[in-house]
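# sequence and predicted model, in that order:
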Amino acid sequence: MPNSNLSFCVTLVAVTAFSACLGSAASAQSGKPAKAATAPPGPAAAAPAIAEAGLWIDHTGKGAVEISPCGNKLCGTIVWLDQPLDAKGKPIVDDNNPETSKRTQPVCGLQVIGNLVQQKDGSWDKGWIYDPENGETYDLAVSIKPPNRLSVTGYLGIKLLGETYTWSRPPAEPALARCGPVPPPVR
């Protein structure tokens, strides 16, 4: 049974159905990630300023994703939930993950965006978004919309059939209590 606290997710349009999600691209190229893997140690390369990078509050205001460079691509991790605990006071877990071994991992701290590639027009596309609410993955495109807005489009193969939502910057980052240490993103 999906947790209503995860309803902060991006809604995507399939050909015949709507599906709520914070999901990832259903593509054979990367599989369905559930948690960021540890990156090899070493100095981080200096990355150019990317307008899409940083903390974003989803369209419902119930979750926040930190988007950051991972190599020459963009990745994103859930870093805040309005309701991070279940009715028993335990962290909400990825209990719908298709990989049963990953169903006990906390949603807060989970990588949910990956492989976004910058396009010639400056937008980012060809990435994935993962939905911990239903365990599905979707294609993803994002682009900055001034002032301080992010257009987030989830789709299944054809962007025209996708759905777009607007995420926004938080009024003040320190006001958000983060999940804790966030592992490096999967590339």
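That came through fine.
# give me the mean pLDDT for stretch 179-187.
Looking at stretch 179-187 alone, the average pLDDT works out to 54.
# so for the strand or helix carrying Asn115, what gets flagged as buried?
Counting by DSSP states H and E, the element that carries Asn115 is strand 111-118. Neighbour-count burial for strand 111-118, with 16 or more other CB atoms under 10 Å as criterion, is recorded at 111-116. Using the backbone N, CA and C atoms, a C-beta is placed for each residue, glycine as well.
# do stretch 138-152 as well
138-144, 150, 152.
# returning to what we had before: now flag whichever of the buried residues of strand 111-118 is closest to Ile67.
Ile113 (6.5 Å; CB to CB).
# quick one: contacts for the closest residue to the closest one other than its chain neighbours?
With sequence-adjacent residues excluded and distances taken as CB to CB, 6 or more residues apart in numbering, Ile113 is closest to Gly76, at 3.1 Å. Applying CB atoms under 8 Å, 6 or more residues apart in numbering to Gly76 gives the contacts 56, 65-68, 111-114, 129, 185.
# go again with 10 Å.
22, 24, 52-53, 55-56, 64-68, 70, 110-114, 116, 127, 129-130, 140, 142, 152, 185 (CB atoms under 10 Å, 6 or more residues apart in numbering).
# how far away is it from Lys102?
As for Gly76, its distance to Lys102 is 18 Å (criterion: CB to CB, to the nearest Å).
# same question, Ala53
Applying CB to CB to Ala53 and Lys102 gives a distance of 26 Å.
# same check, this time on Asp94
With distances defined as CB to CB, the gap from Asp94 to Lys102 amounts to 6 Å.
# who's more crowded, those two?
Higher neighbour count among Asp94 and Lys102: Asp94, with 22 against 17, using other CB atoms under 10 Å.
# hang on, the residue nearest to Ile113 in a helix?
No. Judged by DSSP: H, G, I helix; E, B strand; the rest coil, Gly76 forms no part of a helix; its state is strand.
# beta partners of it?
Under the criterion DSSP bridges, Gly76 forms beta bridges with Ile67, Ile113.
# where does the protein dip in pLDDT?
With pLDDT under 70 as the threshold, the chain has low-confidence stretches at 1-48, 172-177, 180-187.
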